[in-house]
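**Q** here is my input, please return the structure:
(one chain, ligands or ions: 1)
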Amino acid sequence: MATVQPAVQGTRRFTQQIVYDLARSIRERDVITYEHSRRVAVYAYRIARQLGWSRRAGRDLALAGLVHDLGKTWVQNAILHKESALSSDERHAMQQHPRVGARFLQIYGAPSSLVEVVLHHHEAFNGSGYPDHLAGADIPRGSRVLTVADVCDALTSERPYKAAMERETMRQRIEAGCGVHFDPVVVAAFLELLESDPDSGAHSPPSHLGTPRLPRRVVVARGPSAPLLRRAAVALPSARSLAARENHVAAAVLKRGGSLRYDTA
Ligand SMILES: [Fe+2]
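**A** Numbers count the residues shown, from 1 in each chain. From the prediction side, this is the model:
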């Protein structure tokens with residue numbers, strides 16, 4: 001019988017394997033963060049391609065996108081899903097997530113280029129970000145792309161504590177942050193993409209991206225909204241709307257004090 005050889009550390013296959021394993025662990029811990037990460041991976045890939053990066057470089061960045069918020073799996077639920085503003089202590093705890101995620105990726109043997117992109121995905125172009133207050137070209141270029149993709153999705157997604165923002169308002173916010181929060185070159189590419197690609201704001205991962213092919217899911221939900229979540233899982237909408245619907249339903253469950261967990265079939 002043929003045996004599957006384990007991937008060798010340092011190879012792309014190894015990196016892909018650990019990223020997919022960690023993406024599964026994110027999904028088990030917090031489905032909202034997982035779906036957000038999946039869309040950020042897609043947006044980052046598209047922006048990178050618009051910037052003229054090779055497919056390979058774009059895919060490497062998409063892998064970083066899938067685990068950019070890995071560190072959030074160690075943030076307490078009370079902080080992660082808080083509906084009101086965070087206190088300064090809570091904000092401090094939340095802002096540890098790039099370091100925590102990068103540390104775990106390092107322990108798992110991820111390449112330093114990927115670790116660096118994750119570590120610096122909350123830096124701002126003018127140096128006002130975290131964790132190291134890097135500015136301009138000192139911020140890894142992948143992190144500069146990821147930041148725009150991250151904010152684009154955060155603004156246009158519904159969360160337990162906020163409604164989704166209209167695409168045009170999101171565009172204006174990103175434009176306003178040009179040179180302050182975001183790299184102007186990345187913003188220019190992002191705006192071009194929005195103009196030229198009507199799909200660039202949709203939740204539809206391209207099949208060639210190599211996002212994790214996870215086993216069929218059985219949703220186990222507890223709490224007052226469990227029937228709602230089960231109904232959404234059974235309805236099996238098209239791939240395009242699945243992520244949006246899961247996100248919406250997961251937000252509703254958490255808002256009503258329920259909990260959820262995804263099991264593999
Ligand atoms: Fe983050």
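**Q** by contact count, what packs against the strand or helix carrying residue 14?
**A** In the assignment (DSSP states H and E), residue 14 maps to helix 12-29. The contact analysis (3 or more CB pairs under 8 Å, 6 or more residues apart in numbering; DSSP states H and E) places helix 12-29 against helix 31-50, helix 55-66, helix 97-107, strand 259-264. Using the backbone N, CA and C atoms, a C-beta is placed for each residue, glycine as well.
**Q** quick check: mean pLDDT across that helix?
**A** When pLDDT is averaged over helix 12-29, the result is 88.
**Q** in PDB, list the C-alpha atoms belonging to it.
**A** What follows is helix 12-29, C-alpha atoms only, in PDB (Å, rounded to 0.1, in the frame of the first residue of the first chain):
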ATOM      1  CA  ARG A  12       6.400  24.900   0.100                       C
ATOM      2  CA  ARG A  13       4.400  21.800   0.600                       C
ATOM      3  CA  PHE A  14       5.400  21.800   4.300                       C
ATOM      4  CA  THR A  15       4.400  25.400   4.700                       C
ATOM      5  CA  GLN A  16       1.100  24.800   3.000                       C
ATOM      6  CA  GLN A  17       0.500  21.800   5.300                       C
ATOM      7  CA  ILE A  18       1.100  23.600   8.500                       C
ATOM      8  CA  VAL A  19      -0.900  26.700   7.400                       C
ATOM      9  CA  TYR A  20      -3.900  24.500   6.500                       C
ATOM     10  CA  ASP A  21      -3.600  22.600   9.800                       C
ATOM     11  CA  LEU A  22      -3.500  25.900  11.700                       C
ATOM     12  CA  ALA A  23      -6.400  27.300   9.600                       C
ATOM     13  CA  ARG A  24      -8.400  24.300  10.800                       C
ATOM     14  CA  SER A  25      -7.600  25.100  14.400                       C
ATOM     15  CA  ILE A  26      -8.700  28.700  13.800                       C
ATOM     16  CA  ARG A  27     -12.000  27.400  12.400                       C
ATOM     17  CA  GLU A  28     -12.600  25.200  15.400                       C
ATOM     18  CA  ARG A  29     -11.900  28.000  17.800                       C
END
